[in-house]
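Participant: Build me a model:
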Amino acid sequence: MASSLASTLAAAPGKTPLTPAVWLIIATASLGAFLEVLDTSIVNVALTSIQANLGATLAEVGWVVTGYAIANVVILPLTAFLADGFGRRSYFVFSLAGFTAASVLCGLAPNLPVLVASRILQGLLGGGLLAKAQAILFEAVPKDRQGFAQAIFGLGIITGPALGPTLGGYLTDLLGWRWIFLINLPFGILAVLMALRSLPADEPKPPPALASVDWIGIALLTGVMASLQVVLEQGEQYAWFEDRGIVALTLTFVIALPLFIAWELSRERPAVDLRVLRHRSLAVGSLFSMIVGLGLYGTVFLIPIYAQSVLRFTAIQTGLLVLPSALASGATMLVLSKKVQQIDPRKAIAAGSLCTSLVMFALASINPGTGEDSLFWPLIFRGIGTVLMFLPLSLAALGDLPPEEINAGSGFYNLTRQLGGSFGIALLTSQLSHHEAEHRARLTEAAGALDIGLRERLEQLQLLLQQQGVDPELAARRALKLVDTSINGQAALLAYGDVFHLLALVFLAAIPLVLLLRAPRRLQP
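Facilitator: Okay, the predicted model is just below:
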């Protein structure tokens, strides 16, 4: 049956047939990208186990996630420069092999410093997979089959972060946290073999001379991206600008960013070619990509926290909660791939943004009775809305770029989605904490104003505990603790509603951006 489906898709009426070689390229690029994005979220559910096993504090173990993210955003803009200098096939294969080897180092790490260093190495080596995979597809797949190829690629990008908590929960609970890294070994080896078999050999040319490398640009880029990422990832934990380190990193970013832009625009062969942003669709598409990253990574971040802190789900149960959304994304991606080049991408992107906004408004109405069943359909439509934005946006932003600029455009476009996710998670974490504190203060004040009702509630709880054999003095303290826990839970619930409402407004406000995208030159029949 699978072979029949592949044959049908390969020989779609009116379309250029996909040869086995092209199918293998699509599978190779998609697998490499999937492994990279999977590791952005698979670690999250294992942090507690890593912390206990390696004897680290919560702040220290957070660098397992932060180090990977920093390395990703530093290397992404450089992927075009590296691929042009060393060959696209060579760089992609090297990235795959290095990512796999670094995964093994993570799994075997004897202590936290080694684990963090290995994660940084993993992010540096694997960061190029995402942009290079997408560039490879644009170069190798016929233009009239780009919709299908980008759908297969996008399937991994969207489902990877969603499946990460599910897979991570199973591996951590059943085999231990080290297996969330070691699981990459067989699939990484398979991807390397597929790449060696499928990707065309690079044209022979000498590697770039060290003297011609834009070292100043690379240094400025590292300062910009690393400082921004640390501020976004760690700012909430260190009370933002009350911490001198966060202030220093913010100043580094503010000073280094304009210097980096001015330097790169003045170079004949820059490390990051910012001139590619003269293409309006890429510039607007990259801005919208940040919003997609906010929705994609932000909700994948919020829902598991809500499930574990409010619904008291286990890691496995939390993963299963978001699984239907990933399956809905996959089904929508395959259906849309057949029609995406026949519709105006601006309409699809606007529909996806509106759908996602309505989903967020629905999630904003969560209440104490909201459980797994109440989240099912909103998460299903969240998956559908994300695909409606993601797939047409990729084609609209990158589809009309000249072949020689695909590498630079793809690297910048994927960087903005990664930054959107990082900025979104930082923003949502900050807003969640802020609104929770506000609601707790108001609820506590309201409870104090209702002195008689509160006193009666405490007396009822105290009497109930005493009937269960609890000492009167201890019963009084426990009754007060139960009321305090109830207030905290209600404050958290209201805070989640506020944050989902904020996300809804962001996606609603983003819809007019589609008017800045260029109209398609010609819709394919």
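
Participant: Could you use CA atoms for every contact and neighbour count after this?
Facilitator: Noted.

Participant: Quick one: mean pLDDT for stretch 398-414?
Facilitator: The pLDDT scores in stretch 398-414 average 77.

Participant: Which residues does the helix or strand where residue 99 lies contact?
Facilitator: Using DSSP states H and E, residue 99 sits within helix 88-108. If you take CA atoms under 8 Å, 6 or more residues apart in numbering as the criterion, helix 88-108 is touched by 32, 82-83, 114-115, 118-119, 121-123, 125-129, 132-133, 178-182, 184-185, 188-189, 191-192, 195-196, 199-202.

Participant: Filter the residues you listed down to the buried ones.
Facilitator: Neighbour counting with 16 or more other CA atoms under 10 Å marks 32, 82-83, 115, 118-119, 121-123, 125-129, 132-133, 178-182, 184-185, 188, 191-192, 195, 199 as buried within those.

Participant: for stretch 266-278, which positions count as buried?
Facilitator: Buried, per 16+ other CA under 10 Å, within stretch 266-278: 270-274, 276-277.

Participant: can I get these in a markdown table with pLDDT, distance to residue 312 and secondary structure?
Facilitator: Formatted as a markdown table, the buried residues of stretch 266-278 follow (pLDDT from 0 to 100; distance: CA to CA, whole Å; DSSP: H, G, I helix; E, B strand; the rest coil):
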| residue | pLDDT | distance to residue 312 | secondary structure |
| --- | --- | --- | --- |
| 270 | 78 | 51 | coil |
| 271 | 72 | 47 | coil |
| 272 | 73 | 46 | coil |
| 273 | 76 | 48 | coil |
| 274 | 80 | 47 | helix |
| 276 | 81 | 48 | helix |
| 277 | 82 | 46 | helix |
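
Participant: on that earlier part again, let's see which of the contacts of helix 88-108 end up in helices.
Facilitator: Judged by DSSP state H, helices contain the following of the contacts of helix 88-108: 32, 82-83, 114-115, 118-119, 121-123, 125-129, 132-133, 179-182, 184-185, 188-189, 191-192, 195-196.

Participant: what comes into contact with stretch 312-328?
Facilitator: Contact with stretch 312-328 is made by 45, 158-159, 162-167, 169-170, 173, 300, 303-304, 307-308, 372, 376, 379-384, as judged by CA under 8 Å, 6+ apart.

Participant: same thing but at 6 Å, please
Facilitator: With contact meaning CA atoms under 6 Å, 6 or more residues apart in numbering, stretch 312-328 is reached by 159, 162, 165-166, 169-170, 304, 307, 379-380, 383.

Participant: Could I get the residues you listed in a markdown table, plus columns for neighbour count?
Facilitator: Shown next, in a markdown table, are those (neighbours: other CA atoms under 10 Å):
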| residue | neighbour count |
| --- | --- |
| 159 | 23 |
| 162 | 32 |
| 165 | 32 |
| 166 | 22 |
| 169 | 27 |
| 170 | 20 |
| 304 | 24 |
| 307 | 20 |
| 379 | 24 |
| 380 | 19 |
| 383 | 30 |
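
Participant: just those: which has the poorest pLDDT?
Facilitator: Lowest pLDDT of the contacts of stretch 312-328: residue 162, 67.

Participant: Which phi and psi values does residue 199 adopt?
Facilitator: phi -80, psi 140 (degrees, to the nearest 10).
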